[in-house]
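Chemist: Curious how this folds, go ahead:
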Amino acid sequence: MAIHLRKSFALLSTIFLVVSAAAEGTRTWEQSKFEDLSKGTAKGVALLGNGGLELAPSFKQLYTTPSTYIWSIAADAEGDLYAATGAPARIYWLPVKGEPIPIFEPQELQVQALVVGENGVIFAATSPDGKVYKIERKVSPPPSRRQKPKAEAKSDTEVAWTSSIFFDPGTKYIWDLVLDSEGNLYVATGDHGEIFRVTPSGEHTLFFKSDEAHIRVLALDPKGNLIAGSDGSGLVYRISQQGEAFVLYSAPKKEITALAIDPAGNIYAAGAGEKRASAPQTTTPSPTSVSPSSGPAPVQGPGISLGGPGSTQAPAIVTPQPQSSTTPGGSEVYRIAPDGSPLRLWTSQNDLVYALAFDDRGRLLAGTGNRGHIFAITGQDEFIDLLKAAATQVTAFAKAPGGGLYASTSNLGKLFLVGPTTEAEGTYESDVFDAHNFSRWGRVEFRGAGKVELFARSGNVDNPDRNWSSWSPVDLRKDAALNIPSARFVQWRAVLHAGNPVPPRLESVLLNYLPKNVAPQIDDVSVQLGVRYQPAPKTPSDSANAAASSQGPSPTHDRDSIGVKWSAHDDNDDQLVYSVYYRGDHETRWLLLKDELTDKFYSFDAGLLPDGGYSVKVVASDAPSHSPGDALTTEKESDRFEVDTTPPQIQSLAAIVDGSRIRVTFRAADNFSPIKRAEYSLDAGDWQYVEPADRISDDRTESYDFSIPLPEVERPVEVSAPKGGKSKAPVASSAVRGGEVEHVIVVRAYDRFDNMGTAKTVIRK
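Modeler: Take a look at the predicted model:
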C-alpha cells in the first residue's frame, strides 16, 4: 500500500500548543504579593515584602547640587548638613535655616568622604591621589553694605570657611573616614589596603595593614573597636584600639560596601559583586582570623570610569553607573552578632546597597542603586520597599534633627529628608491588567484596614493615557461594584489616608470579571499519510512526559495508517474538545471518524477509505468551559489528499523467441492512478527498467512491447566420473528439459502510489 498527498506537508511540523486553564465563567485578577505590587507606581506608599501596602515615611527633596555624585554626607550638632561630591568636586553646606553654599573646592576630582568633629570642624578626603583636609568656619560681624560677602547665613553674622591639608597618606584612594570618642581620625585607603590613625594634633601612624587591595568602609562598635570592610575577598574585620585585627566574616560577595552597628553591638554589613574564580567563597559563614603570613591579594584593576576627560576610576561596584540597571550577583546584607555568628538577612539580584543606617524606630535602612530605592530590612528575608528617589543611586545617610534622616543620591546629586512620620496621604496605581478579551467587570474583593479609597478605570488600548474611562470610585462599604465600561484592559488606584488609631493598610485587591466568549480558532490541519501518532503517557508528576507532551505527538511509520494533526487556540483560554470527520470527492456528507478528542492529533486505519480523493475536517468546541447552549465551535478543512491501496494488474503477458531475441508484450492497468514505471527480470537476473510503448508513463493503462537478447546456454556435456560413471555440468540461468532450453521472464509495474503488481511467463526453445 502507498498513499500520496496533493500538497506535501512536513512530517514533524511544529504545533502551536495553547496552555489552557479551566476558564469557566467568571475569572479573577488578584494583586497582593510584592512581586505583583512592585509593577505598579507608588507615591508616598511603601510596599511590604510579604505583600501589601502602607504609608511611606515623609520624603522631601531639599536640594539638587550641580555635582553628579554625592559620595558622603554628615550633619553637625545643630543639624546643618554637609555633602561631599564629585563631578565637580565640592563640599556643600546646607544649613537648617538658609540656602545651600559650596564651601570647599579642591583640585582633586572627588571629595570621597567627610566627617564632622567637635566645634563643627570638617575632615574631608579627596581622590584620586588625594589628601585629608581640615575645614573650619569662622564667624565674624556682618560686612559693611559696600562689601559683598562670600557666603551669608540668615543672621547678623558672616561665615567664612578655611581649609588646610591635615594628612597626606600618599595612597591612590581614600575611601572612608571615622572619628572616635578621643578625636582620633581613622583613614581607610586603597591600593594597599591600609588604615591610618591621625591624632587631633595631626600625628599619624599606620594603624592596620590588610592583605586586601582596598579598605572600603569603616565604623566603630560600642566597645570602641574599629570595624572595617574590604574589597577583594569581602572581609569584615574587627580591629582593637591596639591595632590587633580579627576577620569576623568572609562574605560570599567580593566587596563590603556599607556598615552599620546598633547599640547592642550587632554589625550589619552589605556585600556586593561576584568574587574572582580563584578567590575562596564561603557558603557557610564562619569567623576567620587574620593570617600574618598571607601574601598580599592581587589588586583589582580599575573597573568603572566616571567619564569625561581626566576622570578617575574605582573598584568595580563602588562607583555608581548612570547606564547600568543591574550588577552581576546583586547585593546581600549580613548581621554579625556580638558573639561573632553571622546571618544573611536580605538579598537582591537587582539592587546594590551603597549605604546602611537606622531610623528612629530602629529599623535598618538600605540605600540602593541602580533604581534609587530605600529598603527597610525588618528581619531575615523580611523587608519593606520604603521609598523611591528621583535619582539612580541612594549613596549615604546622616542623622537629621527631630528623628529624621538625611539621604543623598547620585545621578543626579540630590539631598533628601526622610521624616520620622509617615506621609499624610499616599497613592498607588496598579499595573495595567490585560484580560485578553473584551470583558465585563464585576465586584472588587478588598482586604485591608484603616482609611483606604479605591478607584478603577478601563479601556481598550494598553496605554491608559489614550482615551480610557475616568477614574471611578469603588464603594467598599456597599457592594464594591466596578462601575466602569466593559473593556479589555483595567487598572485600579488606591489612596491611603493617615489616621488613628488604625493606620491605613492594603493587603489584597481582587477584581472579578467575565470575558465575552469568543469561538476557538483552528490555525492549521495537516494530514500525514503512512504515519501513526503515538500520544505520550499522561503522568502529571513526570516532568519529562510533560515536556514531551508540549512538543506534540510522536510519529511512527505505518503504511496502513493515516495521521491527522492540528493546531488550535482559544482567546478565552477555554478547554477545547475536537471532532474529526472525512469526506470523499463528489460527496456532500461529512462522516465522523472520532469525537470527544482532547489531543490535537488522531490516527486511523487507511483501509477505511477506498481508493480515491478525500478531505478531513476538524471541529473545535469550547463546551467543557461553558454551560449548554453557550458553547461556540469552529471548524477547518485539510487540503485534499488521495488514497490508493490497490496494486496495478499485469495483463496479456506474452513472450516469444524471435531469432536470437525474446520479444515480450504486456499491459499494466490500475483502477485509480497512472502507472509510474515497469521493470523485468530474465532468469532471476537484475531488474531492468522498460519504457511503455508511447515512451511516457501518464495513463492508468500502459502497453509494453520490447525485446531482449536470447542468452546463450551451454548444453549439458557428459564427462567421465572418477569411477567410470557419467555426470552432467550444471546450467545456472536456464533449464534444459528433453533437449529444450527453458527461460523465465518476470515483469512488475508500480502505480503512482508505489503499489506493485507482478506476473511471469516461461518460454522454451
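Chemist: which residues of the stretch 1-150 of the chain fall in helices?
Modeler: Secondary structure of the stretch 1-150 of the chain by DSSP state H, counting those that start in this stretch: the helices cover 34-37.
Chemist: which intervals of it have sub-threshold pLDDT?
Modeler: 1-24, 140-150 (pLDDT under 70).
Chemist: Report the contact partners of Gly271.
Modeler: Taking CB atoms under 8 Å, 6 or more residues apart in numbering, we find Gly271 in contact with Gly234, Ala251, Pro252, Lys253, Lys254, Glu255, Ile256, Thr257, Ser331, Glu332, Val333, Tyr334. (C-beta placed from N, C-alpha, C; glycine too.)
Chemist: correct me, but the first one touches Val247?
Modeler: No. Here Gly234 lies out of contact with Val247, judged by CB atoms under 8 Å, at a distance of 10.5 Å.
Chemist: Look at these two and report which has more neighbours.
Modeler: Neighbour tally, Gly234 and Val247, criterion other CB atoms under 10 Å: the higher count belongs to Gly234, 28 against 18.
Chemist: Next one: the nearest residue to the more buried one once chain neighbours are set aside relative to Val353, how far apart?
Modeler: Excluding the flanking residues, the one nearest Gly234 by CB to CB, 6 or more residues apart in numbering is Ala251, at 3.6 Å. To Val353, Ala251 is 12 Å away according to CB to CB, to the nearest Å.
Chemist: Ok, Tyr268 next?
Modeler: 10 Å.
Chemist: shared neighbours of those two, which are they?
Modeler: With CB under 8 Å, 6+ apart as the test, Tyr268 and Val353 both reach Val333.
Chemist: which ones are touching Lys414?
Modeler: By CB under 8 Å, 6+ apart, Lys414 lies in contact with Gln61, Leu62, Tyr63, Thr64, Thr65, Ile70, Ala389, Ala390, Ala391, Ser408.
Chemist: Okay, and the beta partners of the third one?
Modeler: This points to Tyr63. Judged by DSSP bridges, the bridge partners of Tyr63 are Leu415.
Chemist: any low-confidence regions in the stretch 601-750 of the chain?
Modeler: 713-739.
Chemist: can you rerun that using 80?
Modeler: 712-739 (pLDDT under 80).
Chemist: What segments of it are strands?
Modeler: 601-605, 612-621, 633-637, 641-644, 649-658, 661-669, 675-682, 688-690, 701-709, 718-720, 726-728, 735-737, 740-751 (DSSP state E, counting those that start in this stretch).
Chemist: For the second one, list the C-alpha coordinates in CSV.
Modeler: Spelled out, it's strand 612-621. Taking Å, rounded to 0.1, in the frame of the first residue of the first chain, the C-alpha atoms of strand 612-621 are listed here in CSV:
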residue,chain,number,x,y,z
GLY,A,612,-9.9,8.0,-4.1
GLY,A,613,-9.6,11.6,-3.1
TYR,A,614,-10.6,12.9,0.4
SER,A,615,-10.6,15.8,2.8
VAL,A,616,-10.5,15.9,6.6
LYS,A,617,-12.4,18.4,8.8
VAL,A,618,-11.6,19.2,12.4
VAL,A,619,-14.3,20.8,14.6
ALA,A,620,-13.2,22.5,17.9
SER,A,621,-15.6,23.3,20.7
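Chemist: That strand - which strands sit beside it in the sheet, and in what orientation?
Modeler: Partners of strand 612-621 in the sheet, by DSSP bridges, are strand 577-584 (antiparallel), strand 633-637 (antiparallel), strand 641-644 (antiparallel).
Chemist: Go through it and flag the buried ones.
Modeler: By 16 or more other CB atoms under 10 Å, the buried positions in strand 612-621 come out as Gly613, Tyr614, Ser615, Val616, Lys617, Val618, Val619, Ala620, Ser621.
Chemist: sorry, back to before: could I get the pLDDT score of the residue nearest to Gly234?
Modeler: Looking at Ala251, its pLDDT reads 96.
Chemist: pretty sure it contacts Gly232?
Modeler: No. Counting by CB under 8 Å, Ala251 stays clear of Gly232, with 11.0 Å between them.
Chemist: Can you tell me how far Gly52 is from Ser201?
Modeler: For Gly52, the distance to Ser201 - CB to CB - is 55 Å.
Chemist: between these two, which one's more packed in?
Modeler: The residue with more neighbours, out of Gly52 and Ser201, is Gly52; 20 against 7, by other CB under 10 Å.
Chemist: circling back to that earlier point, show me which of the contacts of Lys414 are buried.
Modeler: Listed as buried from the contacts of Lys414 are Leu62, Thr65, Ile70, Ala389, Ala391, Ser408; burial here means 16+ other CB under 10 Å.
Chemist: For the second one, which non-adjacent residue is closest in space?
Modeler: It stands for Thr65. Gly413 (4.2 Å).
Chemist: same thing with the last one?
Modeler: With sequence-adjacent residues excluded and distances taken as CB to CB, 6+ apart, Ser408 is closest to Ile70, at 3.9 Å.
Chemist: Just confirm that neighbour contacts Asn411, I think it does.
Modeler: No. The criterion here is CB under 8 Å, and Ile70 misses it with Asn411 at 9.8 Å.
Chemist: Return the member of the contacts of Lys414 nearest to Gly340.
Modeler: Nearest to Gly340 out of the contacts of Lys414 is Ser408 (CB to CB; 32.1 Å).
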